[in-house]
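>>> take a look and give me a structure for this.
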Amino acid sequence: MGTYNHSTAMDSLAGQTLVKSDGSSVPADSALEGKDLVLYYFSAHWCPPCRQFTPMLKDFYEEVEGLEIVFISSDRSPEDMTSYMKESHGDWLAVPHNSAVANDLKQKYGISGIPALVVVKVDGTVVTKDGRSHVTAKTPAQAVKDWKA
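Numbers count the residues shown, from 1 in each chain. Just a heads-up that it's a prediction; the model follows:
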């Protein structure tokens, strides 16, 4: 394992503030420190396939270590986003609703439909843009092992 390097790790999130479902905020740099992978989860409560996938992702998240999930909301309002996080999300992080960084991430990864789960190594290398199929088809341990390979 190389040492964690702030200049290469997740340039999209460097210096950003992430939010939790309880309304607290945390600096992205410290939240992602020591993680090998970041999973960007593009989702919204109004989207039925998202509502189907989110509980699966929550179970997955609770069984794995060394990664963090960052939620990028397509909800219609910050209130919708917060209630969706409280209702069905794992204890992961999110970028602020409709923020510049949220829109940048959607463009950077070419997100056209949701739910989408983009798996990225801390050095910024994209592992897969179809993390969703891995989460649904593999055991959590196997998926993470394959992503880190």
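
>>> helices and strands of the chain: which one bottoms out on pLDDT?
Sorted by mean pLDDT, DSSP states H and E, the helices and strands of the chain end with helix 28-31, the least confident at a mean of 91.

>>> pairing partners for the helix or strand just after that one, with directions?
Using DSSP states H and E, the helix or strand that follows helix 28-31 towards the C-terminus is strand 37-43. In the sheet, strand 37-43 lines up against strand 67-73 (parallel), strand 116-121 (antiparallel) (DSSP bridges).

>>> now the helices for this structure?
In the chain, the helices defined using DSSP state H lie at 28-31, 48-63, 78-88, 100-108, 131-137, 140-148.

>>> name the residues of the shortest one that are buried.
Just to be clear, that refers to helix 28-31. The neighbour-count check on helix 28-31 (16 or more other Cβ atoms under 10 Å) flags Ala28, Asp29, Ala31 as buried. For every residue, glycine as well, the C-beta is placed using N, CA and C.

>>> what does the fourth one give?
For helix 100-108, the buried set under the neighbour-count rule, 16+ other Cβ under 10 Å, comprises Val101, Ala102, Leu105, Lys106.

>>> distance to Pro115 added to the helices of the chain, as a markdown table?
Formatted as a markdown table, those follow (distance: least, Cβ to Cβ, whole Å):
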| stretch | distance to Pro115 |
| --- | --- |
| helix 28-31 | 22 |
| helix 48-63 | 4 |
| helix 78-88 | 12 |
| helix 100-108 | 13 |
| helix 131-137 | 6 |
| helix 140-148 | 16 |
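
>>> which of those helices sits closest to Gly15?
Ranking the helices of the chain by proximity to Gly15 (Cβ to Cβ) places helix 28-31 first, at 7.0 Å.
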